[in-house]
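Novice: sequence first, predicted coordinates after that:
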Amino acid sequence: MSTQTSNSPSIAIIGAGMSGMLMAIKLIRAGKTNFTLFEKAKKIGGVWRENRYPGVACDVASFSYCYAFEPKSDWTRRFSGGAEIQAYFEHVAKKYNLEKYLKAETLVTDATFTDGEWVVTTDKGDTQRFTLLVDATGPLNNKIYPKIDGIDSFDGKMVHTADWDDNYDYAGKRVGIIGSGSSGVQATWPIAQKASHLTTFIRTPQWIMPTPNPHYSEFQKMLKRQFPFLGWITRKFYDWIGEQFGRAALNDGWRRKGVAKWCESNLNSIKDEALREKLRPDHQAMCKRMIVSENYYDAMQQDNVHVERNDITGIEKNGVRTADGQLHELDMIVLATGFHPNTWGVESIHGPNGVSLDSVWNKGEEKSRNYHSIGVPGLPNFFVLIGPNSPITNLSLIDIADIGVDYVLKCLEKFDNGEISTMAPKASAATAFGESLMTSFDDTIWVTGCSSWYFDGSTVPQTWPWAPSHFRETLKEPRWDDYEIT
Ligand code: NA7
């Protein structure tokens, strides 16, 4: 690790979750400490700080879901729980003394590019100027609260999975879970073990991959501690597995068929035919995000669990009403209803010449609003980590963030040595990217007929329709000709 350089350009990083922390740490490791890490909450961690619902876990294997330069040898399970991942990030934050750069409990409310710099305003009313602005607020920070008639009239406890109340004890209570994506599925088993009764309201059943999640033994941990190479091999193995799933999503073939068969045989493990049919998805496996669980169907077959497929027509004082007229009386409602991925964490971002994030994203043409997932045309010195159309469906988010951070560092070098003072993606480059996106999804699984959060109001999924290696290659070096540079 090198020491601080004095005159490197200043950088505002918005969001101290996994990607913002990575940006900060890689800057520190490069000796560039002229940055501020803005965070709306009290502490670092992002989704892992917020998502504390029972059963929360990562669907990427533990050895792959950590920074490559900060491996951990003693992960307790193949897929780690949220608390263990949060503890890992807190440990890393401490090691790099991120506290020193962190502006916690500070929401960035506006960023405006004025006189060659970003003027960042916070909810504390203060402003600060920066050369670069890095949006690291991630795709999973804007919770969806469903618009259901009467939702405010419920007398019991209601929480979103990303807003869990640790003080509420649901043991012995009648609980309802609305939503059956990753969060709803993960929460089902632990809640079913403690609640007196659980009703799962399922609008669209999903395919479940029955991936075992064994604990690592003390012996295995000791081996990985003594021989770090084993941890590295394990990471490479899971990266390879991840790559196979990524490929399965891109083209039809043996990989896609294998995943479909695996999910189908998992569904067939449900003994009761009526229940099995209630849980049978009407789309292809992987069209929505693949869900991994070793015990979801076991929970669904418990006597205290009811699967409700009738549409919800309203929420009332005592529970949830469904289209068959039944009132499901509940003490607690869990909203496992997901997130709007295409949000930016900052309400207003204004570039020069009347260009703003709103004018490009909400009012501009869909094919011209995004450059290689990392930039927005007309917004200078602005970078997004894990931005729209990054390969969130076929590459670990940690790898996506890492590739984006390295890209920013390469741009920063040019600022550092005085070659550049502003760089903004050209509109033509964004349009060329957008046009190639729109014609590249045809063979992918995501357009085979399901609704998913990948679309979120767009006509094509907000992911990368090519192999992860293509993303690495595309962002390996900034293509300077694609930028307006001063
Ligand atoms: P998801 O995967 O977006 O799932 C949200 C679920 O909520 C899904 O089953 C939705 O049904 C359901 N939903 C949403 N609104 C309603 C209403 N109004 N009524 C009934 N059901 C509703 O979010 P998750 O939090 O589970 O996972 C998000 C990502 O986080 C995940 O992919 C991982 O990467 C981590 P639908 O399918 O739309 O019919």
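Specialist: Looks like it came in fine.
Novice: get me the contact residues on this protein for the ligand.
Specialist: The chain comes close to the ligand at residues 140, 146, 148, 161, 178-184, 201, 203-204, 289, 312, 336-339, 451, 453, as judged by CB under 6 Å from any ligand atom. Where C-beta positions appear, they are placed from N, C-alpha and C, glycine not excepted.
Novice: among the residues you listed, name the buried ones.
Specialist: Burial by neighbour count, 16 or more other CB atoms under 10 Å: within those this picks out 140, 148, 161, 178-184, 201, 289, 312, 336-339, 453.
Novice: tell me which of the residues you listed fall in strands.
Specialist: 178, 201, 312 (DSSP state E).
Novice: off-centre distance for the longest helix seen in the chain?
Specialist: Secondary structure of the chain per DSSP state H: the longest helix is helix 228-250. Relative to its parent chain, helix 228-250 has a centroid offset of 19 Å by CA atoms, centre = their mean, to the nearest Å.
Novice: for stretch 320-337, give the mean pLDDT please.
Specialist: Mean per-residue pLDDT for stretch 320-337: 98.
Novice: with adjacent residues omitted, what lies nearest to residue 221?
Specialist: residue 74 (4.4 Å; CB to CB, 6 or more residues apart in numbering).
Novice: swap that for residue 232, sorry
Specialist: Spatial nearest neighbour of residue 232, excluding adjacent residues (CB to CB, 6+ apart): residue 71 at 7.0 Å.
Novice: wait, a helix at residue 424?
Specialist: No: using DSSP: H, G, I helix; E, B strand; the rest coil, the assignment for residue 424 is strand, not a helix.
Novice: low pLDDT regions in the stretch 201-350 of the chain?
Specialist: Along the stretch 201-350 of the chain, no part satisfies pLDDT under 70.
Novice: now the residue in the chain that the ligand sits nearest to: closest residue in space, sequence neighbours ignored.
Specialist: Ranked by CB to the nearest ligand atom, the top residue of the chain for proximity to the ligand is residue 181, at 2.2 Å. Spatial nearest neighbour of residue 181, excluding adjacent residues (CB to CB, 6+ apart): residue 338 at 5.5 Å.
Novice: residues in contact with that neighbour?
Specialist: Neighbour list for residue 338: 143-144, 179, 181, 183, 453 [criterion: CB atoms under 8 Å, 6 or more residues apart in numbering].
Novice: quick one: least confident of those residues?
Specialist: Where pLDDT dips furthest among the contacts of residue 338: residue 453, at 91.
Novice: which stretches in the stretch 201-350 of the chain count as strands?
Specialist: 208-209, 291-292, 305-308, 312-316, 319-322, 327-329, 332-335, 348-350 (DSSP state E, counting those that start in this stretch).
Novice: contacting residues around the fourth one?
Specialist: Surrounding strand 312-316, the residues in contact under the criterion CB under 8 Å, 6+ apart are 148-151, 153-154, 178, 201, 203, 320-323, 327, 333.
Novice: strands paired with that strand, and their directions?
Specialist: strand 319-322 (antiparallel) (DSSP bridges).
Novice: could you give the separation of the partner strand from the chain centroid?
Specialist: That offset, for strand 319-322, works out to 30 Å (CA atoms, centre = their mean).
Novice: which residues are contacting it?
Specialist: Contacts of strand 319-322 (CB under 8 Å, 6+ apart): 154, 156, 174, 176, 178, 199, 201, 308, 310-315, 327-330, 333.
Novice: of the residues you listed, keep whichever come out buried.
Specialist: Buried among these (16+ other CB under 10 Å): 154, 156, 174, 176, 178, 199, 201, 308, 312-313, 315, 328, 330, 333.
Novice: and the two most separated of those?
Specialist: Spatial extent of the buried ones among the contacts of strand 319-322 (CB to CB) is set by the pair 174 and 313 at 19.0 Å.
Novice: what is the burial count for the nearest residue to residue 50 once chain neighbours are set aside?
Specialist: Leaving out its chain neighbours, the residue that sits closest to residue 50 by CB to CB, 6+ apart is residue 162, at 4.8 Å. Residues near residue 162, counting by other CB atoms under 10 Å, number 23.
Novice: check contacts around residue 162.
Specialist: With CB under 8 Å, 6+ apart, residue 162 has these contacts: 47, 50-51, 53, 140, 143, 183, 339.
Novice: could you check how far it is from residue 16?
Specialist: 16 Å (CB to CB, to the nearest Å).
Novice: residue 48 now?
Specialist: 11 Å.
Novice: then residue 203?
Specialist: The value you get for residue 203 to residue 16, if CB to CB is used, is 34 Å.
Novice: with residue 313 instead?
Specialist: Taking CB to CB, one finds residue 313 at 41 Å from residue 16.
Novice: same question, residue 473
Specialist: Plainly put, residue 473 is 29 Å away from residue 16 if you go by CB to CB.
Novice: between the two, point out the one with more neighbours.
Specialist: residue 16 (29 against 12).
Novice: test my guess that the more buried one contacts residue 44.
Specialist: Yes: using CB atoms under 8 Å, residue 16 is in contact with residue 44, at 4.3 Å.
Novice: intersection of neighbour lists for the two?
Specialist: With CB under 8 Å, 6+ apart as the test, residue 16 and residue 44 both reach 93, 98, 102.
Novice: now do the helix or strand harbouring residue 109: distance to the chain's middle.
Specialist: Assigned by DSSP states H and E, residue 109 falls within strand 108-114. In terms of CA atoms, centre = their mean, the centre of strand 108-114 is found 24 Å from the chain centre.
Novice: who touches stretch 345-357?
Specialist: Here stretch 345-357 has contacts from 14-15, 40, 108-113, 133, 135, 137-138, 141, 344, 358, 376-380, 382, 424, using CB under 8 Å, 6+ apart.
Novice: how many neighbouring residues does residue 106 have?
Specialist: Neighbour count for residue 106, taken as other CB under 10 Å: 19.
Novice: with adjacent residues omitted, what lies nearest to it?
Specialist: The shortest distance from residue 106 to any residue other than its chain neighbours is 4.8 Å, reached at residue 122 (CB to CB, 6+ apart).
Novice: repeat for residue 326
Specialist: In space, and not counting its chain neighbours, residue 326 is closest to residue 310: 7.4 Å by CB to CB, 6+ apart.
Novice: so who does that neighbour touch?
Specialist: Residue 310 makes contacts with 322-324, 326, as judged by CB under 8 Å, 6+ apart.
Novice: which one of those residues has the most neighbours?
Specialist: residue 322 (18 neighbours).
Novice: quick check: bridge partners of that one?
Specialist: residue 312.
Novice: quick one: the helices in the protein, in order.
Specialist: So, for the chain - with DSSP H - the helices run 18-29, 47-50, 82-95, 182-194, 218-226, 228-250, 254-267, 273-278, 296-300, 357, 397-416, 427-438, 468-474.
Novice: rewinding a little: quick one: which of the ones in strands among the buried ones among the residues of the chain next to the ligand is nearest residue 400?
Specialist: residue 178 (29.2 Å).
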